[in-house]
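> Here's my sequence, what's the structure:
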Amino acid sequence: MDNNYSLDLSSLSKELRLLLEILKTEDYESIGLIKKELYIDIDWVEFLQLAWHHRVYPLIYSKLKKVDDNRIPAYVIQTLFKEFKKNTIQMLHLSGEMELVSELFTKNQIRLLYLKGPVIAADIYGDISLRTSKDLDILISITDLNKAEELLLSLGYEKEVVPNVLNEWKWRSHHVVYLHPQKNIQLEIHWRLQPFPMKEPKFSELWERKRVSPLTSYPVYFLGKEDLLLYLISHGARHGWFRLRWLLDIDQMLRKGFKLQDINPFISKYKNRKLVGQALILVSELLKTHMDEGWRKLTESDSKKIAQNALEFIKGTEPLTESLTSNMPSKYYKHYTFSLKSNLQRFFFFLTLFYPTSAELLTLRIPKPLHFLYFPLRPFLWVWRKTRKLHK
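Residues are numbered from 1 along each chain as shown. Here you go, the predicted structure:
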């Protein structure tokens, strides 16, 4: 590969290097030929933790179980098998719920597209047991949001309560979470693929390009190939690629013959060349994914820089898992996400700084008819929160 796109991988741990080597080795026979030095002084507990953290343990197990290699302790294979079994049951559980929800929504005239979960596991890997998923992600038109909520509540789902002021959720967020306490299933209803102001196709366009999954007897629809690849790229980039699973999805799509030139019209329309370039550099460098000719045209000058920055999350230097679930993301993550934005997105980002958030609601509660006062009060409440933190 052109050295202009080579990343500095010197800081990757031995355990992560071995994990990547196994993932990028396509045929099982070749795994036994992996360089002996990669097995020296491996902390196998750390290896297992990385396989679990990156959610790639099903594929790791499927490869290692066929290899008779005494360099790998027996308990490693046994642990991977145990997690593999649990994941297979989970994916079957989600598949059943996916079909149930799809049938209920369709009979009530709600069009829905599944974004991840068992449908893409079957599509990308050919086997639902080879990919993990903790929940179901569904995309619908925002006009169907209230109706969808009524249906989910009728099934026993409970809506996650999130503080909201001046309907900020409609544009600050792009999904709402529902939990089923008896079934122990989390379901996310999306009305956008990504948070505003990222440019993306309208729901009607995505629906026109939809595919039907062969996984279930009742029709279950999911994204077209080009839409799926670009969604996985933007989703992974926004989360710092802190799970290798997202890069592995892209790797598998490209290995199965996806033509990169097919996404050129979409890149021009939705201005996401920087993110596409980042993803292609990462899969090429980490997983040695074969690229068809012309892939470099899909990168731009900043792609390598943001690919290098993402390595901090991939190797676990930055505690991104906690950052994404807290109200105070790390400074590194803030800087990283800002670097992903186009100039127009940065302009909108600065505008949003003046719009009240739920933080204001939690700092000072005022009657709902007076919520407009949060606009002039926002800078003062922000200073108050910062001052209190300094004195703690």
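> Give the buried residues for the one helix or strand L59 maps to.
Per DSSP states H and E: L59 is located in helix 57-64. By neighbour count on 16 or more other C-beta atoms under 10 Å, the buried set for helix 57-64 is Y57, P58, L59, I60, Y61, S62, K63, L64. (Glycine included, C-beta is placed from N, CA and C.)
> Next one, pLDDT for the fourth one please.
What the model reports for I60 is a pLDDT of 95.
> Leaving out the residues flanking it, which one is nearest to it?
Nearest non-adjacent residue to I60, counting by C-beta to C-beta, 6 or more residues apart in numbering: A51, 5.1 Å away.
> does that neighbour sit in a helix or strand, and which one?
Element membership of A51, judged by DSSP H and E, is helix 44-53.
> pLDDT on that helix, on average?
96.
> now it and helix 57-64, what's the angle there?
Counting by axes from the mean of the first three to the mean of the last three C-alpha atoms, to 10 degrees, helix 44-53 lies at 120 degrees to helix 57-64.
> Show me the contact partners of helix 44-53.
13, 15-16, 18-19, 57, 60, 72-73, 75-76, 79-80, 83, 243, 316, 321 (C-beta atoms under 8 Å, 6 or more residues apart in numbering).
> Can you give the distance of the helix holding L59 from its chain's centre?
21 Å (C-alpha atoms, centre = their mean, to the nearest Å).
> Y178 should be in a helix, yeah?
No. Assigned with DSSP: H, G, I helix; E, B strand; the rest coil, Y178 falls outside any helix and is strand.
> Would you check how far apart it and Y218 are?
According to C-beta to C-beta, to the nearest Å, Y178 and Y218 sit 20 Å apart.
> between these two, who's got more neighbours?
Y178 (22 against 11; other C-beta atoms under 10 Å).
> Excluding covalently adjacent residues, which one is nearest to Y5?
Using C-beta to C-beta, 6+ apart, the closest residue to Y5 is I281 (5.2 Å).
> Count the residues that sit near the one you found.
By the criterion of other C-beta under 10 Å, I281 has 26 neighbours.
> got the contact list for it?
With contact set as C-beta under 8 Å, 6+ apart, I281 has these partners: Y5, L7, T299, S303, K304, A307.
> out of those residues, which are inside strands?
Residues of these located in strands (DSSP state E): none.
> wait, which of the residues you listed is closest to M98?
Closest approach to M98 among these (C-beta to C-beta): A307, at 33.1 Å.
> I'd assumed L7 was in contact with that closest one.
Yes. The pair A307 and L7 passes the contact test of C-beta atoms under 8 Å, sitting 6.1 Å apart.
> Output stretch 200-211 as CSV, nothing but the C-alphas.
Taking Å, rounded to 0.1, in the frame of the first residue of the first chain, the C-alpha atoms of stretch 200-211 are listed here in CSV:
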residue,chain,number,x,y,z
GLU,A,200,-28.1,11.8,5.0
PRO,A,201,-30.7,10.3,2.6
LYS,A,202,-34.4,10.8,3.3
PHE,A,203,-36.3,7.8,4.7
SER,A,204,-38.2,7.5,1.4
GLU,A,205,-34.9,7.1,-0.5
LEU,A,206,-33.7,4.4,1.9
TRP,A,207,-37.0,2.6,1.6
GLU,A,208,-36.7,2.5,-2.2
ARG,A,209,-33.3,0.9,-1.9
LYS,A,210,-34.3,-1.5,0.9
ARG,A,211,-33.6,-5.3,0.9
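> if we can go back for a sec, and the residue nearest to Y5, how far from L298?
Noted for I281: a distance of 10 Å to L298, by C-beta to C-beta.
> Equivalent analysis for D68, please.
D68 sits at a distance of 41 Å from L298 (criterion: C-beta to C-beta).
> Please identify which of these two sits among more neighbours.
L298 (18 against 6).
> Now do the same contact list for the more buried one.
Neighbours of L298 in contact, by C-beta under 8 Å, 6+ apart: L260, I263, N264, I267, R273, V276, G277, L280.
> tally of neighbours for the first one?
Meaning L260. 18.
> quick one: pLDDT of it?
Predicted confidence (pLDDT) for L260: 89.
> Go ahead and confirm it touches E293.
No. Applying C-beta under 8 Å as the test, L260 and E293 come out as separate, 9.0 Å apart.
> just the strands in the protein please.
113-114, 135-139, 158-159, 175-180, 185-190, 211-212, 221-222.
> burial measure for A51, as a count.
Using other C-beta under 10 Å, A51 is surrounded by 25 other residues.
> returning to that earlier point: list buried residues within the contacts of helix 44-53.
So, by 16+ other C-beta under 10 Å, the buried ones in these are 15-16, 18-19, 57, 60, 72, 76, 79-80, 83, 243, 316.
> where does the stretch 251-392 of the chain have low pLDDT?
Residue ranges of the stretch 251-392 of the chain with pLDDT under 70: 317-329, 351, 353-356, 371-372, 374-375, 388-392.
> where along it do the helices fall?
With helices called from DSSP state H, counting those that start in this stretch, the stretch 251-392 of the chain shows them at 264-270, 273-287, 303-314, 320-324, 331-340, 343-352, 358-363, 374-390.
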